[in-house]
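K.L.:
Below is the sequence, then the predicted model.
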Amino acid sequence: MKIKLLAATLAMVGSSAFAQEPPTQPAQLPQIPYLQESNNQRIPVDDGYTPPASNVQDDELFNQVDEIRRQQEQYQAALAAREQYAAEQIANSPGAKFLEQARKMYKPSMAFDIEPKQSIVIPVGQGLLNTLSTNFTELKVKTSDARSVIETEGGHLYISIPDSNPVGLVIHEAGVKSSQVSITLIPIDAPPVIADITVSMDDGMKRESVAYQKKMKEEEAINQAKAERVPYSDKHTKRIIDLLTPVAQGDFPRGFTLSGDIPEDYRTPCRMAIPHKAAQRLLGGSEIIDVIGVKNTTDSTYMVREEMCLNDDVIAVALFKKSYLAPGEEMELYILRDKLYYENVQRKARRPRVTWGDE
């Protein structure tokens with residue numbers, strides 16, 4: 001006993017047409033009930049189903065079954081031809097040819113010379129750490145890709161692409177947007193790539209780069225200075241803070257008055273290579289506070305240190321607000337002096353006393 005499924009489609013497309021255009025998927029015919037053959041008798045197999053009376057002979061019905069099977073085979077052949085045609089269309093597309101050309105370019109080590117605003121294509125190892133080395137001092141990179149792992153160090157870029165999708169990068173020298181170039185990375189099943197990329201930069205671009213790096217170093221030095229804390233070792237620390245804090249706030253400490261009488265020897269009291277001068281003097285009962293104005297007239301960052309202004313009569317030196325000065329910046333520093341220091345020195349006896357000692 002055997003069971004045969006009677007199913008077919010209304011229309012078929014000849015295989016001769018597949019080379020010119022994709023086959024049209026045919027509509028599906030209604031299903032025909034199962035036919036169970038036993039002693040040349042038609043016996044229904046579905047529960048509760050009785051086939052209608054028919055004058056169709058068994059031989060004719062069997063021929064119909066064979067015809068439907070032939071149509072099914074043609075339909076499967078049409079589907080296979082359709083898939084083959086789609087695959088050929090993809091293989092012959094501009095995108096596929098572009099990827100194939102990129103694969104042929106692959107070398108473990110490559111070098112590129114490129115002008116600003118131009119583009120290059122580089123095949124790289126998929127899922128591996130690839131290296132792009134440039135002639136930039138500090139490389140900046142932009143991309144819309146969120147899947148890849150990207151790191152930069154100086155003029156080098158390290159990238160690992162986890163899938164087969166191309167990744168577009170725009171790189172340039174930090175602070176020099178006119179040096180931008182576009183790079184398309186094509187991941188392939190190959191070892192990682194080390195690529196040297198030399199971007200042509202004119203003298204103007206180089207000057208921009210130098211100026212930007214100089215500015216970044218100055219900002220870094222200033223930020224570092226802001227993070228520093230000045231240690232206090234004098235035993236009268238609280239007294240010093242109480243006196244100098246109001247001065248830094250633009251006020252007078254209690255018991256002090258403003259004086260414009262500053263001795264000539266105290267006009268430039270510090271040992272530093274940039275201009276400075278005592279602009280104000282605050283007089284107290286036993287202390288003097290000199291307010292010194294400092295300006296960096298050099299073309300580089302200058303570090304001001306407290307020890308530059310120390311002297312015999314100096315109790316403490318304080319800097320406001322920073323110790324690193326960028327070119328053109330100004331600051332105040334405060335020198336707290338012992339008002340009676342030199343008077344006390346003069347009162348001291350200079351002749352040693354005569355003693356009998358041991359005779």
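P.N.:
That came in fine, so what should we check first?
K.L.:
what about the strands in the stretch 51-200 of the chain?
P.N.:
With DSSP state E, counting those that start in this stretch as the criterion, the stretch 51-200 of the chain has strands at 109-114, 119-125, 130-134, 139-142, 149-153, 156-160, 167-173, 176-188, 194-199.
K.L.:
Arg267 is nearest to which of those strands?
P.N.:
Nearest to Arg267 among the strands of the stretch 51-200 of the chain is strand 176-188; the distance by C-beta to C-beta comes to 45.0 Å. Using the backbone N, CA and C atoms, a C-beta is placed for each residue, glycine as well.
K.L.:
and that closest one with strand 119-125, angle?
P.N.:
Angle of strand 176-188 versus strand 119-125, following axes from the mean of the first three to the mean of the last three C-alpha atoms, to 10 degrees, is 40 degrees.
K.L.:
chain center to strand 176-188, what's the gap?
P.N.:
14 Å (C-alpha atoms, centre = their mean, to the nearest Å).
K.L.:
What of stretch 78-90?
P.N.:
Computed by C-alpha atoms, centre = their mean, the chain-centroid distance of stretch 78-90 equals 43 Å.
K.L.:
how about that stretch as PDB, C-alpha atoms only?
P.N.:
What follows is stretch 78-90, C-alpha atoms only, in PDB (Å, rounded to 0.1, in the frame of the first residue of the first chain):
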ATOM      1  CA  ALA A  78      12.500  27.200 -11.300                       C
ATOM      2  CA  LEU A  79      13.200  28.100  -7.600                       C
ATOM      3  CA  ALA A  80      16.800  26.800  -8.000                       C
ATOM      4  CA  ALA A  81      17.300  28.900 -11.200                       C
ATOM      5  CA  ARG A  82      15.800  31.900  -9.400                       C
ATOM      6  CA  GLU A  83      18.300  31.600  -6.500                       C
ATOM      7  CA  GLN A  84      21.200  31.000  -9.000                       C
ATOM      8  CA  TYR A  85      20.200  34.100 -10.900                       C
ATOM      9  CA  ALA A  86      20.100  36.200  -7.700                       C
ATOM     10  CA  ALA A  87      23.500  35.000  -6.700                       C
ATOM     11  CA  GLU A  88      25.000  35.900 -10.100                       C
ATOM     12  CA  GLN A  89      23.400  39.400  -9.900                       C
ATOM     13  CA  ILE A  90      25.000  39.900  -6.400                       C
END
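K.L.:
Show me the shaky parts of this protein.
P.N.:
1-66, 69, 89-96, 98, 225-236, 349-353, 355-359 (pLDDT under 70).
K.L.:
domain parsing for it?
P.N.:
Domain assignment for the chain by automatic domain parsing gives 2-91, 104-205, 230-345.
K.L.:
okay, those domains in CSV with mean neighbour count and distance to Glu218 next?
P.N.:
Output for those, formatted as CSV (neighbours: other C-beta atoms under 10 Å; distance: least, C-beta to C-beta, whole Å):
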stretch, mean neighbour count, distance to Glu218
domain 2-91, 12, 56
domain 104-205, 16, 13
domain 230-345, 15, 5
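K.L.:
Mind jotting down where the helices sit in the stretch 201-350 of the chain?
P.N.:
203-227, 237-248, 341-347 (DSSP state H, counting those that start in this stretch).
K.L.:
which one of the strands of the stretch 51-200 of the chain lies closest to Met205?
P.N.:
strand 176-188 (5.1 Å).
K.L.:
got the angle between that closest one and strand 194-199?
P.N.:
Counting by the same axes, to 10 degrees, strand 176-188 lies at 150 degrees to strand 194-199.
K.L.:
quick check: angle from strand 176-188 to strand 109-114?
P.N.:
Using the same axes, to 10 degrees, the direction of strand 176-188 lies 140 degrees away from that of strand 109-114.
K.L.:
about what we covered before: output the strands of the stretch 51-200 of the chain in TSV; the columns should cover distance to Arg347.
P.N.:
Listed next are the strands of the stretch 51-200 of the chain as TSV, based on distance: least, C-beta to C-beta, whole Å:
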stretch	distance to Arg347
strand 109-114	80
strand 119-125	83
strand 130-134	72
strand 139-142	67
strand 149-153	65
strand 156-160	69
strand 167-173	67
strand 176-188	67
strand 194-199	74
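K.L.:
Since that was my last question, I'll sign off now.
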